[in-house]
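*Asks:* The following block contains a protein sequence and its predicted model.
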Amino acid sequence: MRTDRKVNKMTTLFKNGSVYCTRERRFIKSDLLAKDGIVVDPAFAGPLPEDAGTVDCSGRYLLPGLVDVHTHGRSGFDFNDVDGEKVAALRKSYAKAGTTTLMATLASAEMSSLRSSIGWIGKNRASVPGMATLAGIHLEGRYLNPKRRGAHATELLFPLDPAELESLVTDMLPLPVHVSCAAELEGGEEFVKTAVRLGATVGMAHSDATWDEAKRAVEWGVTSFTHTFNAMRPIHHREPGNMIASLMTDGAWTELICDGEHSHPAMIALASRVKPKDKLVLITDSMEAAGMPDGEYGIAGLPVYVKNGRAVNAEGALAGSTLDLFRALCNFMRFTGRTLEDALPCATSNPAEMVGISSSCGSLAAGRRADIVMIADREHPEIESVWVLGEKL
């Protein structure tokens, strides 16, 4: 790839590449025009604007920037403990790894800690070149079932309190908000309906729900199942539980962690066969050790030990992952046999749809941010370059 003319910050034509079309799930040989960081036309055929820079993308494939809606941190930083400088470092690190949009995910913590993180994230979310966009906040903590708490500390779990939730969500606005909770707990119906009334999307998480309880939660407004197969009631043929509810509820999204540790590849392949393909969402559930060497780290202030890339707490329970989303996408292709064209929406448009941000990201359609990941090989993809708001990192 070469730059034929100096790339203008205002208008850029990415020419001679193969642009991914989400609607058709295929690459189309075309030129993409971006202006002021926004895609104007992914199949531009008009005369080149006089002020436009050009980028020759011959032999390259243009993918939408990836969208991670469930990630606690990476590169040595945790969203539960941030300030302006740390948020900026996180955003740069995500962008370099190909994730150009994310929902900053907060684990269980004391209320004062949650409010501090919410404040810093809210103050440092403007879309700028060189950094991933913080699209919103995913609150995955506090309102979980102690039976399925995973790496969340028991003393940091609290009852489903609609009034408290309303106070928290109000602090997060106007950020898009996604709330994960164990809706089978007492007060679940009012809690879920309160979240929906406030404009949040809701996922079923760290839950011991039966099949019937999970299906009722969907009726109340739950639209996704958080890291399916993990922190859920085990499957039994006489009580399928919320795992099977996740796979069998066609209208709800199913999150998957594709690191080969959280779920066996065969389970990922099973989900891929059962779920409608527009309802599968790849996530990382990454913590601060992602992109870092083995060692001792933390998640929401609790110690985590990483060896050979596997993160566990003091009890030996998995405590997030060290994944980046591009690697999760490649793993998903390998686990399921899906092509890049078929798998890509699981890490782009599907998560964007799940949390209601698809009007600005998740595809290279007109009107979306010009966030682009370039690769040279569809069968064995590796990131060659990343562009955020039409500018190369």
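*Replies:* Yep, it's here.
*Asks:* so what's Thr154 up against?
*Replies:* Applying Cβ atoms under 8 Å, 6 or more residues apart in numbering, one finds that Thr154 lies in contact with Pro146. For glycine as for every other residue, the C-beta is placed from the backbone atoms N, C-alpha and C.
*Asks:* Next one: it relative to Tyr143, how far apart?
*Replies:* Separation of Thr154 from Tyr143 (Cβ to Cβ, to the nearest Å): 13 Å.
*Asks:* same thing with Ala214?
*Replies:* Applying Cβ to Cβ to Ala214 and Tyr143 gives a distance of 16 Å.
*Asks:* Repeat that for Glu391.
*Replies:* 39 Å.
*Asks:* So between those two, which is more surrounded?
*Replies:* For Glu391 versus Tyr143, neighbours defined as other Cβ atoms under 10 Å are more numerous around Tyr143 (27 against 16).
*Asks:* Remind me which helix or strand that one belongs to.
*Replies:* Under DSSP states H and E, no helix or strand contains Tyr143.
*Asks:* Checking the nearest residue to Pro176 once chain neighbours are set aside next. Helix, strand or coil?
*Replies:* Distances taken as Cβ to Cβ, 6 or more residues apart in numbering place Gly136 nearest to Pro176, at 3.3 Å, with adjacent residues excluded. Secondary structure state of Gly136, per DSSP: H, G, I helix; E, B strand; the rest coil, is strand.
*Asks:* what's near enough to touch Gly136?
*Replies:* Listed by Cβ under 8 Å, 6+ apart, the contact set of Gly136 reads Met103, Ala104, Met172, Leu175, Pro176, Val177, His178, Val355, Ile357.
*Asks:* and the second one, what is it in contact with?
*Replies:* Translated: Ala104. Ala104 is in contact with Thr71, Phe79, Ser117, Ile121, Leu134, Gly136, Ile137, His138, counting by Cβ under 8 Å, 6+ apart.
*Asks:* ok, what's across the strand from the closest residue to Ala314 other than its chain neighbours?
*Replies:* Spatially, and ignoring its direct neighbours in sequence, Ala314 is nearest to Pro303 (6.0 Å; Cβ to Cβ, 6+ apart). Beta-bridge partners of Pro303, counted by DSSP bridges, are Gly298.
*Asks:* With the one 4 residues further on instead?
*Replies:* Applying DSSP bridges to Lys307 yields these beta-bridge partners: Arg310.
*Asks:* Verify the stated contact: it with Asp294.
*Replies:* Yes. If you go by Cβ atoms under 8 Å, Lys307 and Asp294 touch, sitting 5.4 Å apart.
*Asks:* who has more neighbours, those two?
*Replies:* Set Lys307 next to Asp294 and count neighbours by other Cβ under 10 Å: Asp294 wins out with 14 against 9.
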